[in-house]
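here you go, sequence then predicted model.
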Amino acid sequence: MAQTRMKCEPPRKHSTTEKKSVAEPASFRKFLVILIMHLCKKVLLINTVAKLGIYLCGASVVSLFTDLVPVPKSYFSEKKNFFNTFFVKLGWGWTISLLLPFVYYTSSTYCCGQKTLVRQHMARLGIATFFWYSCTTIFNWVENVTGMCTSAEMEHDRKNLCIEAGYEWIGFDASGHTFLLMYSLLVISEEVKCISGWSKIADAIKTEEEHPTRLTAEQLTTLKFLYGCNTPKIKGLIVCLTLLQILWEVMFFATVIYFHNMPQKLIAAAFASAVWLFTYQTWYRIEKIWPLPPGKGLIRYMVPP
């Protein structure tokens with residue numbers, strides 16, 4: 001902790017000459033950061049229900065259209081394109097690798113470092129990972145039990161044996177990519193809601209300093225320290241999550257246009273919607289039930305996005 005505090009200490013004072021030389025670049029840098037954060041929040045904080053409607057429309061209406069009307073080939077129609085191979089194939093890993101530090105830094109701040117509360121926020125990502133794994137496992141199981149190999153030989157009665165032998169396995173293949181991308185987008189959309197009104201934490205700190213009501217002196221000291229230390233890291237993660245969301249949406253619609261058929265994509269989208277509805281819209285909103293919803297801690301700062 002001591003080393004971390006040293007890193008968060010304000011920079012040493014400069015001479016008057018030095019201040020004049022760096023004042024203008026510093027002001028421009030601050031303006032640039034504010035602009036980037038504003039744009040990122042505009043992208044991330046779009047209403048989740050509105051996003052869900054767009055995704056479901058893509059998985060149904062757009063999918064039906066592309067099933068009926070041939071779509072011209074493009075870079076994204078190739079299964080081995082760079083984005084599909086390097087990002088979507090490892091999609092949940094990319095999503096969780098950004099959300100883990102994001103949820104940790106944000107929750108530790110508005111929970112004033114209380115480990116018990118932080119663990120409750122981190123648990124949401126464990127639950128999300130459980131549902132991701134369970135749903136994709138169900139999709140694979142359904143494809144295996146409903147499918148058959150294009151080879152008539154009995155030794156190719158399993159998907160892996162059929163494909164290894166060079167044949168094709170034909171079954172109901174619910175779109176795992178549709179589920180992965182849509183579910184990742186919904187989880188990101190819910191988790192980033194805690195940044196709405198983030199700057200108001202500074203106002204809450206000032207209020208507590210003048211008229212203590214919610215926090216003890218130790219909690220207030222911890223909040224001030226963590227808010228100063230974690231906010232720059234959170235801003236960096238916000239930029240990364242914005243870029244990831246844009247990429248996931250591009251790849252989601254690429255999947256909708258070029259891969260699987262409408263029933264396969266609609267079933268996957270329904271699973272993603274159902275899990276989101278059960279967790280973020282129902283389970284996490286129940287008072288005194290573990291885990292906590294995003295943004296709930298020892299201080300109140302969030303504003304409706």
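The structure has been received and is ready for your questions. Numbering: from 1, shown residues only.

let me know the secondary structure of the most centrally placed residue in the chain.
Nearest to the mean C-alpha position of the chain, counting by Cα atoms, centre = their mean, stands I188 at 2.4 Å. When classified by DSSP: H, G, I helix; E, B strand; the rest coil, I188 comes out as helix.

hang on, isn't it packed against L241?
Yes. In this structure, I188 is within contact of L241 by Cβ atoms under 8 Å, at 6.0 Å. The way it works is simple: take the backbone N, C-alpha and C, and place the C-beta from them, glycine included.

got any residues that touch both of these two?
Jointly contacting I188 and L241 under the rule Cβ atoms under 8 Å, 6 or more residues apart in numbering are 44, 99.

where exactly do the helices run in this structure?
2-8, 16-44, 48-57, 63-68, 82-86, 91-110, 115-146, 159-164, 176-191, 200-210, 217-258, 262-279 (DSSP state H).

ranking those by burial, who's on top?
With neighbours taken as mean count of other Cβ atoms under 10 Å, the helices of the chain reach their highest mean count in helix 176-191, at a mean of 25.

thinking again about what came up before, which residues touch the residue nearest to the centre of the chain?
I188 sits next to 44, 95, 99, 241, 244-245, 248 when contact means Cβ under 8 Å, 6+ apart.

what do you get for W141?
Per Cβ under 8 Å, 6+ apart, neighbours of W141: none.

in terms of pLDDT, where does it sit?
Per-residue pLDDT puts W141 at 91.

cool, E153 as well?
With respect to pLDDT, E153 scores 70.

I'd like the distance between it and V62.
39 Å (Cβ to Cβ, to the nearest Å).

neighbour count winner among these two?
V62 (16 against 11; other Cβ atoms under 10 Å).

check contacts around that one.
For V62, the contact set (Cβ under 8 Å, 6+ apart) comprises 253, 256-257.

what pLDDT is listed against it?
94.

one more: the one 4 residues further on?
pLDDT, T66: 93.

how close does it sit to N261?
In terms of Cβ to Cβ, T66 sits 9 Å off from N261.

and what of E164?
25 Å.

same thing with I54?
In terms of Cβ to Cβ, I54 sits 20 Å off from N261.

ok, now K115?
48 Å.

also C40?
35 Å.

what is the burial count for the closest residue to I289 other than its chain neighbours?
In this structure, I289 finds its nearest non-sequential neighbour in W283, 7.0 Å apart by Cβ to Cβ, 6 or more residues apart in numbering. Residues lying near W283 (other Cβ under 10 Å) number 15.

so W283 makes contact with L292?
No. Here W283 lies out of contact with L292, judged by Cβ under 8 Å, at a distance of 11.1 Å.

so who does L237 touch?
98, 101-102, 105.

per-residue pLDDT, E168?
83.

got the contact list for the nearest residue to it once chain neighbours are set aside?
Taking Cβ to Cβ, 6+ apart, and ignoring the residues beside it in sequence, E168 has T150 as its nearest neighbour in space, at 4.7 Å. Counting by Cβ under 8 Å, 6+ apart, T150 makes contact with 162, 167-170.
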